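>>> need a 3D model of the following:
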Amino acid sequence: MGVLDGKAAAVTGGGRGIGRGHCLHLAQQGAAVLVNDIDLDAAGAVCEEIGEQGGRATINTSDISTRDGARYLVAQCVEEFGAIHALVNNAGNVHDRSFLKMTDDEFMSVVRVHQCGTFMCSQEAALRMRDQGSGGAIVNTVSAAHFGNFGQTNYAGSKGAIASMTYTWALELARYGIRVNAISPAGTTRMSGTYKGPDGQDIKIPFIDPTQNGAAVAFLCSDHAMGISGQIFGTGNGRFAILEHPRYGTSVEKDGGWSTQDFLEEFEGHFKAKLEPIGIMKPPYPFHGGIKPPTG
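Take a look at the predicted model:
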């Protein structure tokens with residue numbers, strides 16, 4: 001017996017890496033799984049693996065960055081398994097380029113898959129869950145890259161948007177019994193090989209088993225997570241962490257409001273030492289000495 005017996009789930013980008021791990025864990029906990037991937041062979045291999053373990057899975061090759069693809073994803077899950085109880089938005093791509101060199105096509109190719117795909121698939125799934133009257137779970141995928149990562153304006157921006165959409169949907173969909181959470185997964189995949197340091201140089205990351213993230217996803221899709229919504233969790237590599245929501249930090253009130261002269265006089269003493277570190281690795285704030293144009 002698994003915690004997802006009788007449930008039906010769809011996983012986008014489920015053919016490899018982190019998505020494959022989600023599919024395997026969901027199936028091991030009893031869910032029937034719709035494995036979405038534009039790579040037919042990869043999706044088929046995961047379905048075969050699930051079948052060999054006694055589970056139930058079906059291939060879907062929809063392009064989830066389109067409304068038709070998102071609609072068909074949900075419709076096929078319902079047709080094959082009778083309902084949809086969980087959606088895991090995992091599909092992703094990267095097209096790294098530094099900001100000043102990034103083209104519109106490079107920007108939009110990533111936004112369409114991550115941000116638009118997550119929006120459209122979630123909307124189609126939530127509409128169906130509402131009409132079923134069954135409630136359900138949506139699990140999105142963000143990344144520490146949304147803290148800021150060199151060469152990833154498109155990817156980091158999309159992940160930040162998905163985090164904000166997660167908070168918003170949790171508020172809106174609770175009335176229908178639909179929970180919305182997200183994970184920020186760790187794992188060695190084709191995409192993880194693109195990460196760069198603050199100097200723009202490649203970062204060598206030790207191998208991390210990408211399938212480890214699936215256990216948390218299975219838990220979040222289960223009724224045991226009934227009271228959890230609007231949260232983002234760091235998963236994989238042996239960790240489970242709650243990401244803190246954006247919030248106002250250091251604050252000083254001034255009667256009558258602040259003037260520009262007030263900032264000139266008081267910023268150094270009150271605020272400078274508390275400026276936030278930025279970037280995926282969160283080093284100490286790097287710009288205390290000023291940001292100046294190159295010389296020579």
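>>> name the helices or strands packed onto the strand ranked longest in the chain?
Secondary structure of the chain per DSSP state E: the longest strand is strand 178-185. Packing contacts for strand 178-185, counted by 3 or more CB pairs under 8 Å, 6 or more residues apart in numbering; DSSP states H and E, involve helix 117-132, strand 136-141, helix 153-173, helix 214-221, strand 232-236. Every residue, glycine included, has its C-beta placed from N, CA and C.
>>> tell me the most buried of these?
strand 136-141 (a mean of 27; mean count of other CB atoms under 10 Å).
>>> which residues does that strand contact?
For strand 136-141, contacts defined as CB atoms under 8 Å, 6 or more residues apart in numbering pick out 18, 84-90, 92, 118, 122, 125-126, 129, 159, 162-163, 165-166, 169, 173, 177-185, 217, 220-222, 225.
>>> pLDDT weak spots in the stretch 151-296 of the chain?
For the stretch 151-296 of the chain, the stretches with pLDDT under 70 are 189-205, 296.
>>> counting contacts, what elements does the strand or helix carrying Leu24 pack onto?
Per DSSP states H and E: Leu24 is located in helix 17-28. For helix 17-28, the elements it packs on are strand 8-11, strand 32-36, helix 40-52, strand 86-88, helix 214-221, judged by 3+ CB pairs under 8 Å, 6+ apart.
>>> could I get the buried residue list for the longest one?
Residues of helix 40-52 classed as buried by neighbour count (16 or more other CB atoms under 10 Å): Ala42, Ala43, Gly44, Ala45, Val46, Cys47, Glu49, Ile50.
>>> what residues are up against the second one?
Taking CB under 8 Å, 6+ apart, we find Ala43 in contact with Gly14, Gly15, Val35, Asn36, Asp37, Ile59, Asn60, Thr61.
>>> just to check, the first one is in contact with Cys23?
Yes - under the criterion of CB atoms under 8 Å, Gly14 is in contact with Cys23, at a separation of 4.5 Å.
>>> and Ala32, how many residues sit next to it?
Counted by other CB atoms under 10 Å, the residues lying close to Ala32 total 25.
>>> and it, what does it touch?
Lys7, Ala8, Ala9, Gly55, Arg56, Ala57, Thr58, Glu80, Phe81.
>>> what about the first one, how many residues close to it?
By the other CB under 10 Å criterion, the neighbourhood of Lys7 contains 25 residues.
>>> need phi/psi at it.
phi -100, psi 150 (degrees, to the nearest 10).
>>> from Lys254, how far out is it?
54 Å (CB to CB, to the nearest Å).
>>> again, but for the third one
Ala9 sits 52 Å away from Lys254 when distances are taken as CB to CB.
>>> neighbour count winner among the two?
Remark: of Ala9 and Lys254, Ala9 carries more neighbours, 31 against 9, as counted by other CB under 10 Å.
>>> I'd guessed the more buried one sits against Val33; true?
Yes - assessed by CB under 8 Å, Ala9 is found in contact with Val33 at 5.4 Å.
>>> what is in contact with these two at once?
Taking CB under 8 Å, 6+ apart as the contact rule, Ala9 and Val33 both touch Leu26.
>>> nearest to His288, out of the helices and strands packed on helix 17-28?
helix 214-221 (37.7 Å; CB to CB).
>>> let me see the contact set for the closest residue to His224 other than its chain neighbours.
Closest residue to His224 apart from its sequence neighbours, by CB to CB, 6 or more residues apart in numbering: Val3 at 6.0 Å. Each residue near Val3 by CB under 8 Å, 6+ apart is listed here: Gln29, Gly30, Ala218, Phe219, Ser222, Asp223, His224.
>>> quick one: pLDDT of Val3?
pLDDT for Val3: 98.
>>> mind checking what secondary structure it has?
coil (DSSP: H, G, I helix; E, B strand; the rest coil).
>>> the nearest residue to Gln29 once chain neighbours are set aside - how many residues pack around it?
Using CB to CB, 6+ apart and skipping residues adjacent in sequence, the residue nearest Gln29 is Gly2, 3.5 Å away. Neighbour count for Gly2, taken as other CB under 10 Å: 16.
>>> over to the one 10 residues further on?
Residues contacting Thr12 under the criterion other CB under 10 Å number 30.
>>> now Ala273
Other residues close to Ala273 by other CB under 10 Å number 10.
>>> over to the residue nearest to His224: give its phi and psi.
Residue torsions, per degrees, to the nearest 10, at Val3 are phi -70, psi -10.
>>> ok, now how distant is it from Leu127?
25 Å.
>>> of all residues in the protein, which one is nearest the centre?
Thr141 (1.5 Å; CA atoms, centre = their mean).
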